[in-house]
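In: here are the coordinates; sequence isn't available:
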Ligand code: UDP
Ligand code: MG
């Protein structure tokens, strides 16, 4: 038996009972045909449906390539992928979603691209098939990210069909941050990343784990995890506002000396006040986001807890 797979495929699974059988058939079909030695690590991210049983059953069918990690509870897509990253043995690591929105048939394309000497290959969903509000949120978020964290040069950061060289994955694992956004973290370590077009399918089985709230949280994590620009913008706004109000005070002072005290314009003053309070609240919120991150880091809790691992012992890589 081969003890060293070339390709490790890492797939997070959260309530995907409808998709798993089809995923298994298609993925293993593609990979067996492709012919390079591979392993598939499926991480059950605290699913509440029948995913756990189905995964164990699939494992019994193909112990030679499948490895299953059951997490204790739901830790989120990216942390689940990290749990898989900690245990990969391949030279090239491919991530994809379990819901078949990414096509397993695209994996060889990514692997071939890696063969050209890139250390990260991201997928670009040429024709993204998602709800309209999701596309809209993504588009705005992308624009914002391009401004705030220009070092993260990606066309489609939301696409999780991606390939990484092993050293990049090892660096990501070592980073040990409490909250991660994997495509962005990879780019901070990559020296030669690229992107290729991949297909995207509608979610036909099961439902998305993301609602608007989770999506917004996720985007905040991405921005506060990779950029200090929001804080810097606030400092700049703070400085400009204080300068302007100093001028305003001078103006009022001079006006008072020349024309006398003013009694009107009360509501103008309120408007200015509310505007300033709004800015202050927003600044507090943004500062809070960063403090929250610091809090998560200093707590130093384990990022995830593994309940059970199913893997063929002969398989374990010697280090
Ligand atoms: N997922 C996960 N943990 C979560 C949420 C999602 O492991 O807390 C997995 C999910 O099973 C899927 C992938 O992450 O394989 C993408 O999730 P989903 O399809 O719900 O997101 P969308 O495609 O709507 O962005
Ligand atoms: Mg999906």
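Out: It's in. Computed from a prediction, not measured in an experiment: that's the story for all the values here. Numbering: from 1, shown residues only. Ligands and ions are numbered 1, 2, ... in the order given.

In: what about stretch 144-157 and ligand 1, any contact?
Out: No. Stretch 144-157 lies apart from ligand 1 when judged by CB under 6 Å from any ligand atom; the minimum separation is 11.6 Å. Just so you know, the C-beta spots here come from the backbone N, C-alpha and C atoms, and that holds for glycine as well.

In: so residue 164, which of the three states?
Out: Each residue gets one of three states, and residue 164 gets strand by DSSP: H, G, I helix; E, B strand; the rest coil.

In: could we number from 31 for the rest of this?
Out: In the new numbering, first residue 31, that becomes residue 194.

In: which residue packs closest to it, ignoring adjacent ones?
Out: Setting aside the residues directly before and after it, residue 194 is nearest to residue 123 in space (CB to CB, 6 or more residues apart in numbering), at 4.8 Å.

In: Confirm that the one you found lies within a strand, as I assumed.
Out: Yes. According to three-state DSSP, residue 123 belongs to a strand.

In: Check the burial of it by counting its neighbours.
Out: Using other CB atoms under 10 Å, residue 123 has 26 other residues around it.

In: residue contacts, it?
Out: Applying CB atoms under 8 Å, 6 or more residues apart in numbering to residue 123 gives the contacts 37, 38, 39, 40, 115, 193, 194, 195, 196, 199.

In: Tell me the most packed of these, by neighbour count.
Out: Most surrounded of the contacts of residue 123: other CB under 10 Å gives residue 194, at 31 neighbours.

In: From residue 284, how far out is residue 77?
Out: Computed as CB to CB, to the nearest Å, the residue 77 to residue 284 distance reads 69 Å.

In: Lowest average confidence across helices and strands of this structure, where is it?
Out: helix 242-256 (a mean of 81; mean pLDDT, DSSP states H and E).

In: which element follows that one toward the C-terminus?
Out: Per DSSP states H and E, the first helix or strand lying C-terminal to helix 242-256 is helix 259-288.
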